[in-house]
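Asker: this is the structure alone, sequence omitted:
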C-alpha cells in the first residue's frame, strides 16, 4: 500500500535542522570526536596565521572565524545531520508505505580497514567487522526493499509477517519509481528499526494511526509471549551479537506455521527448549 502525502506533512516529518537523535547519531564514537577536535585545533591555528598576515584591520573577521572553527567539534554534527536531511528533502514527492516483513537474517559486514605494522616490520591490514541485521520488507504489488541496521537487543521482537511502515520519496508525482526510504516502523510492536533516524517519529506515529486505521489490516500471527522468567535471559548474548535467527536450530514436531507470504516463522530459543521438553515427556 502506498498513499501520497502533501509537501507540508513531508517537511514536518523530515526536519530542516538536526533533531536530538540525529545530532547523537552524527556525534559518532570517540574516534569521530577526536577527528573533529583535531580539525578545530588546526582551524584555529590557520586563522591565527592568517590574522598575522592580514593585520589588525581584520580583527572582527578573524575573531568570528576563530570561534567558528574552534567550536567545530560541537556544531559539526548539527551541520552534517542537517545536510543529510536537506538531501532527502530535495525529493519533490513522498508517500506513506505499508507492507510486511518478508525476511530477517544476520550478516557480518566490513566496517573499517586499518593499516598497521607487525613485529616483523610487515605492513598488515586489520579488518573491523560487525554483525548487522538485514530486514526485507515488501507488499502485494511486488515492491521489495532491504534495510540493514546494527544488531540491537530490541530487534528480537521482529518476526516475519509483521506490518511494516515507512516514508518513501520520488521525483515523479506518480511515485512509480521510488528513490529512497526512511526509518522502518513496526506498529504492532511500536518498534522503530533504523540506522540514521530521518523521521520525526511522533508525527509519523500519529500519521500511522490515522492512515493505517482507515486501511483494513490482516492481523499477523505473533509468536507466543515469553514468560517473565525467560524474557530477558538472552539479552547479554544478543548484545554480543548472538543473532538468535538460526533457521537450522531444532524445532518442535508440530506443523510449521507460515505467514501470508509462505515464509516460515523463526523460532525463538524458548520455543526450541519447550519443543525438546515436550519430546522428552512423550518418550517417557
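Answerer: Done, it's in. Since the structure is predicted, the reported quantities are computational estimates derived from the model, not experimental observations. Numbering: from 1, shown residues only.
Asker: which residue is the nearest non-sequential neighbour of the residue most central in space within the chain?
Answerer: Most central in the chain under C-alpha atoms, centre = their mean is residue 194, positioned 1.8 Å from the mean C-alpha point. Excluding the flanking residues, the one nearest residue 194 by C-beta to C-beta, 6 or more residues apart in numbering is residue 183, at 3.6 Å. To be clear about C-beta, it is placed using only N, CA and C from the backbone, and glycine gets the same treatment.
Asker: quick one: the one you found and residue 198, what's the gap?
Answerer: 6 Å (C-beta to C-beta, to the nearest Å).
Asker: okay, and the common contacts of the two?
Answerer: By C-beta atoms under 8 Å, 6 or more residues apart in numbering, residue 183 and residue 198 have these common neighbours: residue 167.
Asker: who has more neighbours out of these two?
Answerer: residue 198 (24 against 20; other C-beta atoms under 10 Å).
Asker: tell me the phi and psi of the closest residue to the more buried one other than its chain neighbours?
Answerer: Using C-beta to C-beta, 6+ apart and skipping the chain neighbours, the partner closest in space to residue 198 is residue 182 (4.0 Å). Note on residue 182: backbone dihedrals following degrees, to the nearest 10 are phi -110, psi -160.
Asker: ok, residue 182 touching residue 195?
Answerer: No. At 10.5 Å, residue 182 does not count as touching residue 195 under the criterion of C-beta atoms under 8 Å.
Asker: neighbour-wise, which of those two wins?
Answerer: Per other C-beta under 10 Å, whichever of residue 182 and residue 195 has more neighbours is residue 182, with 22 against 12.
Asker: quick one: pLDDT of that one?
Answerer: The model reports residue 182 with a pLDDT of 92.
Asker: what separation do you get for it and residue 13?
Answerer: Distance from residue 182 to residue 13, by C-beta to C-beta: 8 Å.
Asker: kindly report the same for residue 53.
Answerer: For residue 53 relative to residue 13 (C-beta to C-beta), the value is 48 Å.
Asker: and the two? Which one has more around it.
Answerer: residue 13 (20 against 7).
Asker: how near is that one to residue 79?
Answerer: Applying C-beta to C-beta to residue 13 and residue 79 gives a distance of 21 Å.
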